[in-house]
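Trainee: 3D model of this:
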Amino acid sequence: LYDHYRANRVVSEEAIKLRKLALSVPGLKETYYLDCLLTLIEYYYENYDADLLEYYLMKLDLSKVKESGRIKYLEYMVVRGYYEKALEALNFFGTEGISVQRLLKLCSGWITNSGLDTKEDLLLYLCYYIFSQGKYDETILNYLVKYYNGSTQDMLNLWYSAKDFGMDTRDLEERILAQILFTEEDVEDKYKVFLNYYKDITNHLLVRAFLTYCAYKYLVHDQLVDDEIFPIIRRELNYEENSITLLAWLKYYSDCSKLTDNDKAFISYHIDRFERQGIILPFFKKYGSMIKLPERIMYRYYVEYRTDPKKQVFIHYRMANKPSDNGFMTERMTNVFLGLHVKEFMLFYNESLEYYITEELWDEVNATDCKLLGYEYIDDLKEDSKYNRINMMLEALDRQDETALLEMMEEYVISEYVINECYEPLP
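Mentor: Sure, this is the predicted structure:
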């Protein structure tokens with residue numbers, strides 16, 4: 001009787017009862033069992049009997065179904081909300097041939113039923129696949145924001161979409177920023193992500209690490225940094241000392257002509273402190289017109305060379321306007337800060353220095369071209385210092401103004417005598 005119903009594709013209540021009975025027969029041939037089961041599934045799907053449809057769908061092993069028919073029964077599972085069973089099948093057979101819209105319903109429904117607390121690798125993969133096809137909803141985005149890790153650009157694309165939905169993106173922002181710090185990938189949009197994250201900080205350690213990274217790139221490698229980063233650096237310095245971010249901030253504002261009195265006091269204090277520590281960088285001199293700098297900085301000239309801190313750096317120099325001195329003197333340049341090597345010189349009026357630099361690592365030696373470092377002439381030497389008085393005398397000598405020269409020499413001798421008589425050096 002069953003064979004008759006099967007051969008003639010009879011689907012009636014009597015035929016359905018017979019198929020149910022056939023399923024319970026021990027040792028039933030697999031092809032008969034599968035045919036009965038699929039017929040029952042089709043019947044209850046078309047007749048909207050959810051309970052019985054679920055019962056028989058849960059008995060179905062899709063690996064036994066022909067490939068051409070799998071997708072239909074998988075979509076039945078999705079349509080009826082049997083998400084775990086559908087995901088289990090997808091994990092085994094893959095997604096080829098299944099519409100993005102069905103996958104969207106599957107993933108969104110599974111997340112809605114199970115919540116965001118469970119991370120499933122397959123589900124995460126499917127969610128990003130759906131997102132990459134432009135067919136996502138808020139549920140899919142929320143899941144991706146919480147769990148997705150991929151290339152930095154993929155995560156940035158996800159971030160922009162999540163922002164358009166007005167979502168809380170802090171978890172995703174933390175992962176993006178941490179990945180940028182780990183890979184040191186130069187991504188322009190990293191500043192937009194950071195500035196948004198900084199509005200509602202949850203991880204101060206990450207903020208300090210990101211600011212330090214940006215400061216290092218700017219200070220040592222001259223990499224451009226978003227202007228909005230530097231006020232944040234200044235604010236964070238109130239809470240924790242950080243020499244890298246502080247020096248980067250000082251470098252940035254050394255080109256600023258308008259500074260508040262508070263900024264000037266801040267700059268003056270820290271430059272004095274760095275000078276006492278032996279950390280002097282050439283851009284400190286740019287502040288000379290705004291604050292009183294230590295004489296060591298104000299009246300000296302600096303050569304800076306940047307390279308790997310592991311390398312030894314040597315400067316070879318000679319006075320350019322003294323042709324009789326043909327030989328170059330050689331000195332090791334001090335690694336002042338993170339590969340910033342600096343050598344200071346005292347130059348007087350009309351003096352210039354010829355130099356080149358070599359860097360060494362193991363047996364490898366590299367040399368730069370020769371360069372000149374010269375005294376920078378100042379029209380109005382107002383600062384009453386020994387250095388300026390010597391330069392004024394040298395200038396008068398160059399002009400052959402003997403009267404002015406003698407007067408300045410007399411003033412210089414008297415001044416030095418008075419200082420030596422009135423002040424004694426500290427023991």
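Trainee: Could you pull up phi and psi at the residue positioned nearest the centre of the chain?
Mentor: By C-alpha atoms, centre = their mean, the mean C-alpha position of the chain lies nearest to Ile180, the distance being 3.7 Å. Backbone dihedrals for Ile180, given as degrees, to the nearest 10, come out at phi -60, psi -40.
Trainee: Kindly report the same for Phe345.
Mentor: Torsion angles, degrees, to the nearest 10, at Phe345: phi -140, psi 150.
Trainee: how far away is Met346 from Gln133?
Mentor: Look at Met346 and Gln133: by C-beta to C-beta, to the nearest Å, they are 69 Å apart. Every residue, glycine included, has its C-beta placed from N, CA and C.
Trainee: And Ala86, by the same measure?
Mentor: In this structure, Ala86 and Gln133 are 18 Å apart, going by C-beta to C-beta.
Trainee: Show me what counts as buried in the lengthiest helix in the chain.
Mentor: With DSSP state H setting the assignment, residue counts place helix 402-422 as the longest helix in the chain. Of the residues in helix 402-422, those scored as buried under the neighbour-count criterion (16 or more other C-beta atoms under 10 Å) are 405, 408.
Trainee: Student question: in the chain, what's the helix or strand with minimum average pLDDT?
Mentor: Per-element confidence for the chain was summarised using mean pLDDT, DSSP states H and E. The lowest value among helices and strands belongs to helix 2-7, with a mean of 48.
Trainee: so where's this structure shaky on pLDDT?
Mentor: Scanning the chain for pLDDT under 70 picks out 1-12, 14, 323-326, 378-383, 423-427.
Trainee: so what does the strand ranked longest in it touch, helix or strand wise?
Mentor: When the chain is scanned for its longest strand (criterion: DSSP state E), the result is strand 352-361. Counting contacts by 3 or more C-beta pairs under 8 Å, 6 or more residues apart in numbering; DSSP states H and E, strand 352-361 packs against strand 301-306, strand 312-319, strand 364-367, strand 371-374.
Trainee: what's the neighbour count on the closest residue to Tyr33 other than its chain neighbours?
Mentor: Nearest non-adjacent residue to Tyr33, counting by C-beta to C-beta, 6 or more residues apart in numbering: Leu23, 6.5 Å away. Here the number of neighbours of Leu23 (other C-beta atoms under 10 Å) works out to 14.
Trainee: And the one 3 residues further on, by the same measure?
Mentor: By the other C-beta under 10 Å criterion, the neighbourhood of Pro26 contains 4 residues.
Trainee: Which strand or helix spans it?
Mentor: Under DSSP states H and E, no helix or strand contains Pro26.
Trainee: Ile140 too?
Mentor: Secondary structure assignment for Ile140, by DSSP H and E: helix 138-147.
Trainee: hmm, who's touching that helix?
Mentor: The contact list for helix 138-147 (C-beta atoms under 8 Å, 6 or more residues apart in numbering) reads 104, 107-108, 111-112, 116, 119, 123-124, 127-128, 130-131, 158, 161-162, 165, 167-169, 171-172.
Trainee: Which of those residues fall within helices?
Mentor: Cross-referencing those with the helices (criterion: DSSP H) gives 104, 107-108, 111-112, 123-124, 127-128, 130-131, 158, 161-162, 171-172 as the overlap.
Trainee: quick revisit: kindly tell me how buried the residue lying closest to the residue nearest to the centre of the chain once chain neighbours are set aside is, as a neighbour count.
Mentor: Spatial nearest neighbour of Ile180, excluding adjacent residues (C-beta to C-beta, 6+ apart): Lys190 at 5.2 Å. For Lys190, the tally of surrounding residues (other C-beta under 10 Å) stands at 21.
Trainee: Surely Lys190 touches Gln179?
Mentor: No: taking C-beta atoms under 8 Å as the definition, Lys190 is not a contact partner of Gln179, at 9.8 Å.
Trainee: Contacts only, for the residue nearest to the centre of the chain.
Mentor: Residues counted as contacts of Ile180 (C-beta under 8 Å, 6+ apart) are 152, 187, 190, 210, 213.
Trainee: Tell me which stretches of the stretch 201-350 of the chain form strands.
Mentor: Under the criterion DSSP state E, counting those that start in this stretch, strands of the stretch 201-350 of the chain are mapped to 301-306, 312-319, 329-332, 334-337, 340-345.
Trainee: Quick one, which of the ones you listed gets closest to Leu259.
Mentor: With C-beta to C-beta as the measure, strand 301-306 is the member of the strands of the stretch 201-350 of the chain nearest Leu259 (22.0 Å).
Trainee: Pairing partners for the closest one, with directions?
Mentor: In its sheet, strand 301-306 lies beside strand 340-345 (antiparallel), with partners assigned from DSSP bridges.
Trainee: tell me which residues of the strand it pairs with are tucked away?
Mentor: Residues of strand 340-345 classed as buried under the neighbour-count rule (16+ other C-beta under 10 Å) are 340-343.
Trainee: again with stretch 316-336
Mentor: Of the residues in stretch 316-336, those buried under the neighbour-count criterion (16+ other C-beta under 10 Å) are 316-317, 320, 333, 335-336.
Trainee: Name the nearest of these relative to Leu237.
Mentor: Out of the buried residues of stretch 316-336, the member with the shortest distance to Leu237 (by C-beta to C-beta) is Val336, at 20.1 Å.
Trainee: Show the contacting residues for that closest one.
Mentor: Neighbouring residues of Val336 by C-beta under 8 Å, 6+ apart: 278-281, 342.
Trainee: 7 Å instead, please
Mentor: Contacts of Val336 were listed using C-beta atoms under 7 Å, 6 or more residues apart in numbering, and they are 279-281, 342.
Trainee: got it, and Glu54?
Mentor: Contact criterion C-beta under 7 Å, 6+ apart gives 80, 82 as the residues in contact with Glu54.
Trainee: Which element, helix or strand, includes it?
Mentor: Counting by DSSP H and E, the secondary-structure element that holds Glu54 is helix 50-59.
Trainee: Can I get the next helix or strand after that helix as CSV, trimmed to CA atoms?
Mentor: Scanning the chain past helix 50-59 towards its C-terminal end, the next helix or strand to appear is helix 67-79 (assignment: DSSP H and E). These are the backbone C-alpha positions of helix 67-79, laid out as CSV (Å, rounded to 0.1, in the frame of the first residue of the first chain):
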residue,chain,number,x,y,z
GLU,A,67,22.4,18.2,-2.7
SER,A,68,19.8,19.7,-4.9
GLY,A,69,17.2,19.4,-2.2
ARG,A,70,19.2,20.5,0.9
ILE,A,71,18.7,24.2,0.4
LYS,A,72,14.9,23.9,0.4
TYR,A,73,14.8,22.1,3.7
LEU,A,74,17.5,24.3,5.2
GLU,A,75,15.3,27.3,4.3
TYR,A,76,12.3,25.6,5.9
MET,A,77,14.3,25.5,9.1
VAL,A,78,15.2,29.2,8.7
VAL,A,79,11.6,30.2,7.9
